[in-house]
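Enquirer: sequence? don't have it. structure:
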């Protein structure tokens, strides 16, 4: 019995919040009638972002009451990487440049850290 418990614990270690893991909320506003174009461009961008080190996941959300409100929920394993190297990647810089055609302006970005896990 003890061997079974030890084997289980070895495969499922207790979760300890990673001091470097962050959640990032990115809120975009698409120009009127340009939300489909914005979503397509974000989808293409995400395909490139997924290849980056420290990337964990991204979820794209659309406000059902106002489809021009688009939000990304991102999880990264390293805040320093996110704030420096990620922000300077060629694919993100290309997106920023092209987004002027379909977004109203730059997004609102907030960074969140894990406090407790339940």
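Expert: Nice, thanks for sending it over. A quick note: this is a predicted structure, and the numbers were derived from the prediction, not measured.
Enquirer: pLDDT at the spatially most central residue of the chain, what is it?
Expert: Taking Cα atoms, centre = their mean, the centroid of the chain lies closest to residue 74, which sits 1.9 Å from it. For residue 74, the model assigns a pLDDT of 98.
Enquirer: what does residue 66 give?
Expert: pLDDT at residue 66 comes out at 98.
Enquirer: got it, and residue 79?
Expert: 95.
Enquirer: can you tell me which residues contact the residue lying closest to residue 63 once chain neighbours are set aside?
Expert: Using Cβ to Cβ, 6 or more residues apart in numbering and skipping the chain neighbours, the partner closest in space to residue 63 is residue 69 (3.7 Å). Using the backbone N, CA and C atoms, a C-beta is placed for each residue, glycine as well. Contact partners of residue 69, counting by Cβ atoms under 8 Å, 6 or more residues apart in numbering, are 27-30, 62-63.
Enquirer: swap the cut-off to 10 Å and go again
Expert: Residue 69 makes contacts with 27-30, 35, 61-63, as judged by Cβ atoms under 10 Å, 6 or more residues apart in numbering.
Enquirer: quick one: the strands in this structure?
Expert: With DSSP state E, the ranges of strands along the chain come out as 22-29, 55-62, 69-76, 108-113.
Enquirer: what residues of the second one count as buried?
Expert: Yep, that's strand 55-62 we're talking about. 55, 58 (16 or more other Cβ atoms under 10 Å).
Enquirer: packing partners for it?
Expert: Strand 55-62 sits against strand 22-29, helix 35-49, strand 69-76, with contacts defined as 3 or more Cβ pairs under 10 Å, 6 or more residues apart in numbering; DSSP states H and E.
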